[in-house]
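Trainee: based on what follows, work out the 3D shape:
(chains A, B and C)
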Amino acid sequence: MRRAAGIALWAAFLAPVALLLGWSFAWRWPWPAPLPERWQASAWTGLAATGGLGAAALRSLGIAGAVALVATSLGFVTSRSAVEARSGVALRWLLHLPFALSPVVLGVGLEYSFLRAGLAGHMVGVALAQGILAYAYAVILFCGLWNARTRAYLDGAATLGATPRQAWIRVLLPIARPLVVLCLVQTFLISWFDYALVLLIGEGRVATLTTSLYQFLLAGDLRLAAASGLILLLPPVIALAVRAQRRPPTFAGEWDL
Amino acid sequence: MVVWALVGGPMLLGVSFMAAYSLGLAGLLAHGLSFTAWAAVLRDRVTWISLGFSLWVGAASLGASIVGALLVLALRPAAAMAGEAVGVTPWFLPIAVPPMVAGLTAVLWLGNAGELARWAYALGWIRRPAEFPSPLYSRDGLGIIVTQTALVLPFLVVLFGRLARLHRVGELVEAARTLGASPVGAWRRVGTPLVLRAAAPTLGVYFLALSGAFEIPLLVGASYPTMLSIRVVQLFGQFDLSTRPQAYAVALLYTLVVAACSAIVLRARPRAARSEGA
Amino acid sequence: MTGPVSPQGLRVTGLAVRLGGRTILRDVEFTVGHRSTLAVIGASGSGKTSLLRVLAGLGDAAAGCIEVDRRRVDRLPAHRRGIVYLNQEPLLFPHLDVRANLAFGLRLRSRDAARVAAMVDPLIEALGLQGLERRDPLTLSGGERQRVAFGRALAVEPAVLLLDEPFASLDPATRLAMQALFRQVARSRGITAIFVTHDLKECLRVGDQFAAIRDGGCRLYEDRPAFCADPANGVAAEVAFWSAAADASGPD
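Mentor: Model (predicted):
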């Protein structure tokens, strides 16, 4: 009974992926056939073609990688001042605002300034806009690191003779490592998942996986839309698979958002 | 301070620009101070319908997810809590799904020509795609609500499970049972309030985020009424600039609503964070 | 090597201790002799921890002077004072095994592996940690963890060791054993220490000199009899309790 429920649960979550796989390999799949009538792999073999899905995937990867690296390192370094700020509640509000606010509204608000700065329509501009969200997330996440326990570890290291620099490198970074990895993954995904900011700041000139998916869907090409969807699922699924292999962090801070 | 500058700076820039543009003080259509755009937006029924529709979709998606997640937690607490200790349960998977892909999957499964409609045809329940009772593109927002719930409910199962462990809800529910509460009563009077109180700020932010969703409404929402985020992009236009001041007015209106709501939601710090300072 | 009057040790004059913008201790004055242990008793919330944190350079001092071996240290950052603070909770670094925790302070001074081993090995033996060297700190018992934390502090040969109720969370038997171990190691290694506790018996067992923190001040007693004679420290009450407990009617 319990086992059956578990299998049903996995099936329910994996069924959507199966359908995407089916569509990405379908050649002819007319109504009302429950399965494709003919199969082919052109959506996948055409990945490397210039201007195709492969290029969009690489672009998404580059933007998300840059966003994750910059947001995580900046967030790590600046989060302590956020925890110790007197205006704690106001700062917490500000940091959550980009998430509560629709990314569309954020994009609309920033579009003109980015245009004037020559950043609209470029990958750099898109990455910067997404970076605001990712950075806010990183600060929220790393605030959990600065609890009494972490401070006690740093104090302990200091009285044993560690300079502030040594305490960071030999104590803080190793303790924070699980949290840093989590932050890298999550900020990567914030950028990887984003559509609204790519649309508004990219002005249709930056084609990422999400915008490609929507274009294929509009054009009625479900095969390529499904293939884009599957590529979009790849990094988060890999991250979850890696997480499944590991023990959860035993000494990292709590997760807020 | 760096954090204020890096997040507050762009936000302030965006807000002031939206204000200036919507009042005719900045941008390509600036002809000096004018309230025309604001008057048009505030007088337009569509603005208020969109706002109401956004809040309805956010509340319905979150409400359904909360009820569903609490049921899962009450019925199978072990399933939800095991996830933390041993890695990943199926409940984690929807976290890996971008909203754009969720929308696409909803189209492929639930659409009039989707997989479920094909199965219904094979079973002889329907003859034509149009006969399939698809929730997509419906004016009550059911398609958006169903899709968002499918994403959020599993996340809440994980979140609630984690909070329940953090606040020792399992032990407290057992304590309530030994004091004479029925299984249902213990969950209703002890488990549910504890979990919801601990999750309240996160749920508040989630409600606002769901109300401001863009990709899923874009893919599975009706053309009318639309969510406010869709309305903003419609008015913003990619080529026609004449309605841009109105787009900025609507966007600013929404920003003010969200800023006020999130200030209320986040006013109280979660208990765990507060007790830690000593 | 000890002379009749040693100029070395820890000397504190006119110290005021602040916590959260409020002065909680004033005019704290005492001298801890070289190689001796000052046992300080005080109730919870009396400011014991704050005093130790100020001495270690982790807290906020409003005024006063702290000298270690005739060198003024109150303006120095924590890592340059030569004062090690031992927390009530043995905060072993969770990413290092027992041996690496013991060697932590030595490695900071980038000493070569052979020298580090020469320092750490005797400590492992003295503290009875043989066989635990490669263990993850999270798998140790409370007593073992406290021994590692103690060893980690001793390894850097601190000029002064501050102990903040280090055995408070241990069970009575382990606690007694740790007090004896502390005495023995402190004597054999000639450690200058301040040992803060709220437990009267622990205070009398570990101390060479005695002080009490009470009513926003710190009182230093000239010797053990003087400490025991002060009714505020509760020695007389304790004696009365035990003699009444042995009576047929029992204590009230």
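
Trainee: next, count neighbours for residue C:45.
Mentor: Neighbouring residues of residue C:45 were enumerated by other CB atoms under 10 Å in any protein chain shown; the total is 10. Just so you know, the C-beta spots here come from the backbone N, C-alpha and C atoms, and that holds for glycine as well.

Trainee: that one: which element?
Mentor: For residue C:45, there is no enclosing helix or strand under DSSP states H and E.

Trainee: mind checking the backbone torsions on it?
Mentor: phi 80, psi 10 (degrees, to the nearest 10).

Trainee: swap in residue A:207?
Mentor: Torsion angles, degrees, to the nearest 10, at residue A:207: phi -90, psi 110.

Trainee: that one - how many residues pack around it?
Mentor: Around residue A:207 there are 18 residues (other CB under 10 Å).

Trainee: over to residue C:22?
Mentor: 8.

Trainee: so what's it bridging to?
Mentor: residue C:19 (DSSP bridges).

Trainee: please report how far it lies from residue C:63.
Mentor: In this view, residue C:22 and residue C:63 are 14 Å apart by CB to CB, to the nearest Å.

Trainee: excluding its backbone neighbours, what's nearest whatever residue of the stretch 51-200 of chain B ends up closest to chain A?
Mentor: Nearest residue of the stretch 51-200 of chain B to chain A: residue B:96, at 3.4 Å (CB to the nearest CB). Once flanking residues are discounted, residue B:96 sits nearest to residue A:236: 3.4 Å by CB to CB, 6 or more residues apart in numbering or on different chains.

Trainee: for the helix or strand the one you found falls within, buried residues please.
Mentor: Residue A:236 is part of helix A:222-245 when elements are defined by DSSP H and E. Applying a neighbour-count criterion of 16 or more other CB atoms under 10 Å in any protein chain shown, one finds A:222-233, A:235-236, A:239-240, A:243 buried in helix A:222-245.

Trainee: export the helix or strand harbouring residue B:108 to CSV, keeping only CA atoms.
Mentor: Per DSSP H and E, residue B:108 falls inside helix B:99-110. Provided in CSV are the C-alpha atoms of helix B:99-110 (Å, rounded to 0.1, in the frame of the first residue of the first chain):
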residue,chain,number,x,y,z
PRO,B,99,7.3,28.1,-14.8
MET,B,100,7.7,28.2,-18.6
VAL,B,101,8.1,24.5,-18.7
ALA,B,102,5.2,24.0,-16.3
GLY,B,103,3.0,26.1,-18.7
LEU,B,104,4.1,24.0,-21.7
THR,B,105,3.4,20.8,-19.8
ALA,B,106,0.0,22.0,-18.8
VAL,B,107,-0.7,22.7,-22.5
LEU,B,108,0.5,19.2,-23.5
TRP,B,109,-1.5,17.4,-20.8
LEU,B,110,-4.6,19.4,-20.1
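
Trainee: that one and chain A, any residue contact?
Mentor: Yes. Helix B:99-110 is in contact with chain A by CB under 8 Å from any CB of the partner chain, via B:99, B:100, B:101, B:104, B:105, B:107, B:108, B:109.

Trainee: tell me the contacts of the residue nearest to the fourth one when sequence neighbours are not counted?
Mentor: If I follow you right, that is residue B:104. Using CB to CB, 6+ apart and skipping the chain neighbours, the partner closest in space to residue B:104 is residue A:229 (5.1 Å). Going by CB atoms under 8 Å, 6 or more residues apart in numbering or on different chains, residue A:229 touches A:20, A:213, B:100, B:101, B:104, B:105.

Trainee: distance of residue A:131 from residue A:92?
Mentor: Applying CB to CB to residue A:131 and residue A:92 gives a distance of 20 Å.

Trainee: could you check the pLDDT of the residue lying closest to residue B:155 once chain neighbours are set aside?
Mentor: Counting by CB to CB, 6+ apart, residue B:155 lies nearest to residue B:95, which is 5.7 Å off, once chain neighbours are set aside. Looking at residue B:95, its pLDDT stands at 82.

Trainee: phi first, then psi, for residue B:95.
Mentor: phi -60, psi -30.

Trainee: and it, what does it touch?
Mentor: So residue B:95 contacts A:236, A:240, B:154, B:155, B:158 (CB under 8 Å, 6+ apart).

Trainee: the first one against residue A:230, yeah?
Mentor: It refers to residue A:236. No. The pair formed by residue A:236 and residue A:230 falls short of the contact definition of CB atoms under 8 Å, at 11.7 Å.

Trainee: up against chain C, what does the stretch 51-200 of chain B have?
Mentor: So the stretch 51-200 of chain B never meets chain C (CB under 8 Å from any CB).

Trainee: so where is the stretch 51-200 of chain B shaky, pLDDT-wise?
Mentor: B:76-89 (pLDDT under 70).

Trainee: contact residues of it facing chain A?
Mentor: Contact residues (CB under 8 Å from any CB) of the stretch 51-200 of chain B with chain A: B:76, B:79, B:84-85, B:87-88, B:90-101, B:104-105, B:107-109, B:113, B:115, B:117-119, B:121-122, B:129, B:154, B:162, B:166.

Trainee: which stretches of chain A form helices?
Mentor: For chain A, applying DSSP state H gives helices covering A:2-24, A:42-45, A:53-84, A:88-100, A:103-116, A:123-143, A:148-159, A:164-167, A:173-193, A:196-202, A:209-218, A:222-245.

Trainee: show me the longest helix that occurs in chain C.
Mentor: helix C:172-189.

Trainee: quick one, what contacts residue 184?
Mentor: I'll assume chain A. Residue A:184 neighbours (CB under 8 Å, 6+ apart): A:68, A:69, A:72.

Trainee: my question was about chain B, not that one.
Mentor: Here residue B:184 is in contact with no residue (CB under 8 Å, 6+ apart).

Trainee: what helix or strand does it sit in?
Mentor: Short version, using DSSP H and E: residue B:184 is in helix B:183-186.

Trainee: what's the answer for residue C:85, then?
Mentor: strand C:83-86.

Trainee: and the very next helix or strand once past that strand with chain A, contact?
Mentor: Counting by DSSP H and E, the next helix or strand C-terminal to strand C:83-86 is helix C:98-108. Yes. Shown here: helix C:98-108 in contact with chain A (CB under 8 Å from any CB) through C:104, C:105, C:107, C:108.
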